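Novice: This is a predicted model, with the sequence first.
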Amino acid sequence: MESIRRTKIVDIFKQLEFGSKVDVKGWVRTIRGNKYVNFIHLNDGSTIHNLQIVADAEKFGEEFFKPISTGACIHVQGKLVESQGKGQKAEIQAESIEVYGTADPVTYPLQKKGHSMEFLREIAYLRPRTNTFGAIYRIRHHMAYAIHKYFNDRGFFYFHTPIITASDAEGAGSMFQVTTLDLNNVPRTEDGQVNYSEDFFGSPTNLTVSGQLEGELGAMALGAIYTFGPTFRAENSNTPRHLAEFWMIEPEVAFYDIHDNMDLAEDFLKYLIRYALEHCKDDIEFLNEMFDKELIERLKFVIENDFVRLTYTEGVDILEKSGHKFEFPVYWGADLQSEHERYLVEKHFKRPVILTDYPKEIKSFYMKQNKDGKTVRGMDVLFPKIGEIIGGSEREADYDKLVQRTKELEMNTDPIWWYMETRKFGTAPHAGFGLGFERLVLFVTGMANIRDVIPFPRTPNNAEF
């Protein structure tokens, strides 16, 4: 055949130029046939939809098709014609087929049958080839692009904060240590402590749990910034909602108060979900059909409703009076669990909820203190099925109050001296929040486990692939 350029399957379905010569390359999902004709379903990752290849058995010979099985990679040239069969608009009448790589039908793990999510996690190197994970990873890409587009179009600057840090932004202490010291022969000081002066950075360092503190510095110069990068938590959490390595989006804006912050969070989330419904339609429809029949309805629910805004105190009052039997007790001062958050969203208000003004004891040191001396201007956005999807606050801009709070918590502020200093030099009101990217993808895809929305999940006792 004459030389023609490869066309992605997604583009073939967009243009449908019947009668034209096309060149496609991809992986075989299924092959079936008889002594007259073979039907190959081909997928190249560009769309959820397979393209049917019709190959005349007499033209190619019976032996030719033996190496072509599920998982094989092939190159096909032929004529695009309207499909006679149900379920597809177009097919290719093959004129030439080249086999790039075979897949032994006995050992290839992805045969044409249903596989459990647990099994697919064990073969994470192949699971992107399934319909489900192809859809999830395409949606993940579109969400990442939409995040950058949203902030860029609104004048925010993408600000890169360090992965390796000497500070603990959350005060949680669950950090992965970074060192080049020989762990079989750790250097010691005279009093028996680890001698970090011999380490690469000359002091103890860790993988970041958040870019927020550095992000605040950016906002206090550039006005409005956002971070979007990997973060790490060394928590021994084996739940469907926790990862040891995940991605975070953290906008930080000078001259914002808590109300501006809530407006931004609501607008941002609605934009992302609208974007997903518009640009990931086929993939979302597939996941709605196969995994979660209420997915599209839930996505529309978020964009069609104003988010309810109420204080933590009002929320606790509703929960206490609900008469509902919760697994975890509800009382003022309790750190609300997912079941409490979901009750407010799904049962009580039947709308997304933003809770504000949390007790200062259960929130981080940097949140702006209210005049009541008991609460801080924190905010959490609560979604159906997920619970908390965003956490944020107006930040404490007053140097003396910030110092006082760190003393109350007996914090060592030496590693964040630079953060404290910003309150001395041109301090200003500012606010921001954090959105866990995988939580967002979990919501948009309707998947049940966060390990299934990141290509290679990092969890306790698992760093494979």
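Specialist: Received it, and whenever you're ready, just let me know what you need.
Novice: pretty sure H75 belongs to a helix, no?
Specialist: No. Membership of H75 in a helix is not supported by DSSP: H, G, I helix; E, B strand; the rest coil, which gives strand.
Novice: So what's the residue count around it?
Specialist: Number of residues near H75 (other Cβ atoms under 10 Å) recorded here: 14. Any C-beta I mention is one placed from the backbone N, CA and C, and that applies to glycine too.
Novice: can you tell me which residues contact it?
Specialist: 23-25, 97-98, 100 (Cβ atoms under 8 Å, 6 or more residues apart in numbering).
Novice: List the beta-bridge partners for it.
Specialist: Per DSSP bridges, the residues bridged to H75 are K25, E98.
Novice: circling back: how about the contacts of H75, which pair is most distant?
Specialist: D23 and Y100 (13.2 Å; Cβ to Cβ).
Novice: mind checking pLDDT for E118?
Specialist: pLDDT, E118: 94.
Novice: same question, L299
Specialist: So L299 comes in at 97 (pLDDT).
Novice: how close does it get to A57?
Specialist: The gap separating L299 from A57 is 45 Å, by Cβ to Cβ, to the nearest Å.
Novice: More neighbours: which of those two?
Specialist: L299 (19 against 15).
Novice: Now do the contacts for the more buried one.
Specialist: 273, 276-277, 284, 443-444.
Novice: Over to Q77?
Specialist: 1, 4, 21-24, 94-96.
Novice: picking up where we left off before, so for D23 and Y100, which sits in the more crowded spot?
Specialist: Just comparing D23 and Y100: by other Cβ under 10 Å the higher neighbour count belongs to D23, 16 against 11.
Novice: Find the helix or strand that that one is a member of.
Specialist: strand 21-33 (DSSP states H and E).
Novice: Identify all contacting residues around that strand.
Specialist: Against strand 21-33 from outside (Cβ under 8 Å, 6+ apart): 1-2, 4-7, 9, 12, 38-45, 50-51, 53, 55, 57, 65, 68-80, 92, 100, 103, 112, 129.
Novice: so how far is stretch 448-456 off the chain centroid?
Specialist: Averaging C-alpha positions (Cα atoms, centre = their mean, to the nearest Å) puts stretch 448-456 8 Å from its chain's average.
Novice: what pLDDT, on average, does that stretch get?
Specialist: 96.
Novice: Report how many residues lie close to the nearest residue to D257 once chain neighbours are set aside.
Specialist: Nearest residue to D257 in three dimensions, chain neighbours excluded: E394, at 5.4 Å (Cβ to Cβ, 6 or more residues apart in numbering). Neighbourhood size, E394 [other Cβ under 10 Å]: 26.
Novice: swap in N152?
Specialist: Neighbours of N152 (other Cβ under 10 Å): 12.
Novice: Quick one: low-confidence residue ranges for the stretch 251-400 of the chain.
Specialist: Of all residues in the stretch 251-400 of the chain, none has pLDDT under 70.
Novice: can you pull out the helices in it?
Specialist: Under the criterion DSSP state H, counting those that start in this stretch, helices of the stretch 251-400 of the chain are mapped to 258-279, 281-290, 295-304, 312-321, 338-342, 399-408.
Novice: what comes up buried for the first one?
Specialist: Neighbour-count burial for helix 258-279 flags 258, 261-262, 264-266, 268-273, 275-277, 279 (criterion: 16 or more other Cβ atoms under 10 Å).
Novice: go on, the fourth one?
Specialist: Applying a neighbour-count criterion of 16+ other Cβ under 10 Å, the buried positions in helix 312-321 are 312-313, 315-316, 318-319.
Novice: would you turn the residues you listed into CSV with distance to V209?
Specialist: CSV is the format used below for the buried residues of helix 312-321 (distance: Cβ to Cβ, whole Å):
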residue, distance to V209
Y312, 23
T313, 28
G315, 26
V316, 27
I318, 31
L319, 29
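Novice: show me where pLDDT drops low in the stretch 51-200 of the chain?
Specialist: 168-173.
Novice: ok, now which residue in this structure is the farthest from the centroid?
Specialist: E58 (49.0 Å; Cα atoms, centre = their mean).
Novice: right, and that residue touches F64 too?
Specialist: No. Shown here, E58 and F64 do not form a contact pair, counting by Cβ atoms under 8 Å, at 10.7 Å.
Novice: can you give me the strands in the stretch 351-465 of the chain?
Specialist: Taking DSSP state E, counting those that start in this stretch, the strands of the stretch 351-465 of the chain run over residues 353-359, 375-383, 387-394, 430-436.
Novice: about what we covered before: which one of the contacts of H75 is nearest K371?
Specialist: Once Cβ to Cβ is applied, the member of the contacts of H75 that ends up nearest K371 is K25, at 65.6 Å.
Novice: nearest spatial neighbour of I354, skipping sequence neighbours?
Specialist: I354's closest residue in space is R309 (Cβ to Cβ, 6+ apart), at 4.8 Å.
Novice: ok, now F456?
Specialist: F456's closest residue in space is F465 (Cβ to Cβ, 6+ apart), at 4.7 Å.
Novice: and that neighbour, what is it in contact with?
Specialist: Counting by Cβ under 8 Å, 6+ apart, F465 has contacts 124-125, 456.
Novice: Show me which of the residues you listed are buried.
Specialist: A124.
Novice: Return stretch 67-82 as PDB; C-alpha atoms alone will do.
Specialist: Provided in PDB are the C-alpha atoms of stretch 67-82 (Å, rounded to 0.1, in the frame of the first residue of the first chain):
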ATOM      1  CA  PRO A  67      -0.100 -15.000  16.300                       C
ATOM      2  CA  ILE A  68      -2.900 -12.300  16.600                       C
ATOM      3  CA  SER A  69      -4.600 -12.800  19.900                       C
ATOM      4  CA  THR A  70      -5.900 -10.600  22.800                       C
ATOM      5  CA  GLY A  71      -3.100  -8.200  23.900                       C
ATOM      6  CA  ALA A  72      -1.100  -8.400  20.600                       C
ATOM      7  CA  CYS A  73       0.000  -5.100  19.000                       C
ATOM      8  CA  ILE A  74      -0.700  -4.700  15.300                       C
ATOM      9  CA  HIS A  75      -0.500  -2.200  12.500                       C
ATOM     10  CA  VAL A  76      -3.400  -2.100  10.000                       C
ATOM     11  CA  GLN A  77      -3.900  -0.300   6.700                       C
ATOM     12  CA  GLY A  78      -7.200  -0.400   4.900                       C
ATOM     13  CA  LYS A  79     -10.400   1.300   3.800                       C
ATOM     14  CA  LEU A  80     -12.800   3.000   6.300                       C
ATOM     15  CA  VAL A  81     -16.400   1.800   5.600                       C
ATOM     16  CA  GLU A  82     -19.700   2.200   7.300                       C
END
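Novice: What residues of stretch 142-152 count as buried?
Specialist: So stretch 142-152, judged by 16+ other Cβ under 10 Å, has buried residues 142-144, 146-147, 150-151.
Novice: Which SSE is immediately downstream of the strand or helix carrying R140?
Specialist: In this structure, R140 sits in helix 131-153 according to DSSP H and E. On the C-terminal side of helix 131-153, the nearest following helix or strand under DSSP H and E is strand 157-158.
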